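J.: with the sequence up front, the predicted model follows.
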Amino acid sequence: MSIPVCNGGSAAPGVSSLTFTNTLPQAVTITSCTMPGWPATNPVVPAAGSKVVQLATRTVTGSYTYTTDPFCTPPDTNPKIVVS
């Protein structure tokens, strides 16, 4: 399952990587993610493409927000990853 970078999405607990997809004509950088184990280097999802993000620790149940650069949603509605 892939997560739309601009909308966020869901993931299962216990996975070690997440796949993000981007439908925009420009690359999008995922920043300020609150998920434990998120990589120290902000991942870049290529224009009209996808990116597998390797986590330092497996996912745990929770709701984790992130921002995008450039913003592809209003700044007051940051996308999130829900692990359940």
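T.: Arrived safely. Numbers count the residues shown, from 1 in each chain.
J.: those strands in this structure, which residues are they?
T.: Assigned by DSSP state E, the chain shows strands spanning 2-4, 9-11, 17-21, 28-31, 44-45, 50-54, 62-65, 67-69, 80-83.
J.: tell me which of those strands sits most buried.
T.: Mean neighbour count (mean count of other CB atoms under 10 Å) peaks for strand 44-45 among those, with a mean of 20. Heads up, the C-betas are built off the backbone N, CA and C, glycines and all.
J.: returning to that earlier point: which of the strands of the chain has the lowest mean pLDDT?
T.: Across those, strand 67-69 has the smallest mean pLDDT, namely a mean of 92.
J.: give the other helices and strands that that one contacts.
T.: Judged by 3 or more CB pairs under 8 Å, 6 or more residues apart in numbering; DSSP states H and E, strand 67-69 is in contact with strand 28-31.
J.: same list (the strands of the chain) but as TSV, adding distance to Trp38.
T.: Shown next, in TSV, are those (distance: least, CB to CB, whole Å):
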stretch	distance to Trp38
strand 2-4	13
strand 9-11	12
strand 17-21	10
strand 28-31	9
strand 44-45	14
strand 50-54	8
strand 62-65	8
strand 67-69	12
strand 80-83	10
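J.: what residues are up against Ala12?
T.: 59, 83 (CB atoms under 8 Å, 6 or more residues apart in numbering).
J.: how near is it to Met1?
T.: According to CB to CB, to the nearest Å, Ala12 stands 8 Å off from Met1.
J.: now Ile3, which residues is it bridged with?
T.: Ile3 has these beta-bridge partners by DSSP bridges: Phe20.
J.: okay, and the beta partners of Lys80?
T.: Going by DSSP bridges, Lys80 forms beta bridges with Thr65.
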